[in-house]
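J.: Let me see the structure of the following:
(one chain, ligands or ions: 2)
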Amino acid sequence: MAEHVILFTGPMGAGKTTAIESLSEIEVVRTEANNSERHIADKPTTTVALDYGEILIGAEEKVRLYGIPGQKRFDFMWAILKKRAKGMILLVNSDAPDPIEEMLSFIEEFRELYDRGGVVIGVSRADVVAGPTLGDYSDALERTNPDMVIPVFTVDPRNRDQMENVLLALIANIEMRAMFGMMTTEAV
Ligand SMILES: Nc1nc2c(ncn2[C@@H]2O[C@H](COP(=O)(O)OP(=O)(O)OP(=O)(O)O)[C@@H](O)[C@H]2O)c(=O)[nH]1
Ligand SMILES: [Mg+2]
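T.: Ligands and ions are numbered 1, 2, ... in the order given. Alright, predicted model coming up:
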């Protein structure tokens, strides 16, 4: 059975755990602890190590879904999780103080996942704060990383169908890039 290992990244409160809960067909392994940074994301708990879920796409492809903790102080987990993954869904919350800057810093931090597979961006919480437009995100990416092709969607991580569309777009992107040999040989 073919397998994909996908990492959900993005800032605190962007909806990584929520997205994995929406998608997973097994009970999600969560590592939530009390959130002492409610000024950054006003929710009771935050991920402190990782999330893990699984979904089958068709009958043939198992997708392993990992989520990082958004807080920078747990970034030792980022290094561990990024080694295994071959694709990334970067969630950016519209209501972050500077969502475009957040997006660019996560792209930089997890660039190897683009080289090894592919990346899509989901802009969440757009119903909470309108924030930058999708064009603003794409323009910023084009300006800073003109070599990268990264689709940007609006998504509500609580909505399973929307998350599934984003996941399928990522897998299609990974498979297309693999077919055309666009990934670095070292990484494949
Ligand atoms: N209104 C609204 N709420 C959302 C949306 N996306 C996520 N949420 C809510 O925002 C919160 C996101 O929390 P988490 O899923 O824990 O976020 P996370 O990215 O895992 O955060 P950390 O683990 O702390 O890094 C949850 O309460 C979600 O229900 C959205 O698009 N609209
Ligand atoms: Mg989380």
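
J.: Every contact and neighbour count from this point should use C-alpha atoms.
T.: Noted.

J.: so how far is ligand 1 from L170?
T.: 18 Å (Cα to the nearest ligand atom, to the nearest Å).

J.: so how far is ligand 1 from E32?
T.: 7 Å.

J.: Over to E102?
T.: For E102 relative to ligand 1 (Cα to the nearest ligand atom), the value is 13 Å.

J.: try V128
T.: 5 Å.

J.: Give the other helices and strands that the helix or strand harbouring A140 contacts.
T.: Secondary structure assignment for A140, by DSSP states H and E: helix 134-144. Helix 134-144 is packed against helix 99-109, strand 152-154, with contacts defined by 3 or more Cα pairs under 8 Å, 6 or more residues apart in numbering; DSSP states H and E.

J.: burial count for T9?
T.: 27 (other Cα atoms under 10 Å).

J.: Could you tell me the per-residue confidence at E186?
T.: Predicted confidence (pLDDT) for E186: 54.

J.: Burial check on V63, number of neighbours?
T.: Neighbour number of V63 under other Cα under 10 Å is 19.

J.: how far away is it from L23?
T.: According to Cα to Cα, to the nearest Å, V63 and L23 sit 10 Å apart.

J.: quick one: common contacting residues for those two?
T.: The overlap between the contact sets of V63 and L23 (Cα atoms under 8 Å, 6 or more residues apart in numbering) consists of E54, I55.

J.: moving C-terminal of whichever helix or strand K62 is part of, what's the next helix or strand?
T.: Using DSSP H and E, the element containing K62 is strand 61-67. Downstream of strand 61-67, the first helix or strand assigned by DSSP H and E is helix 75-84.

J.: Would that next one count as contacting ligand 1?
T.: No: judged by Cα under 6 Å from any ligand atom, helix 75-84 makes no contact with ligand 1; its nearest approach is 10.9 Å.
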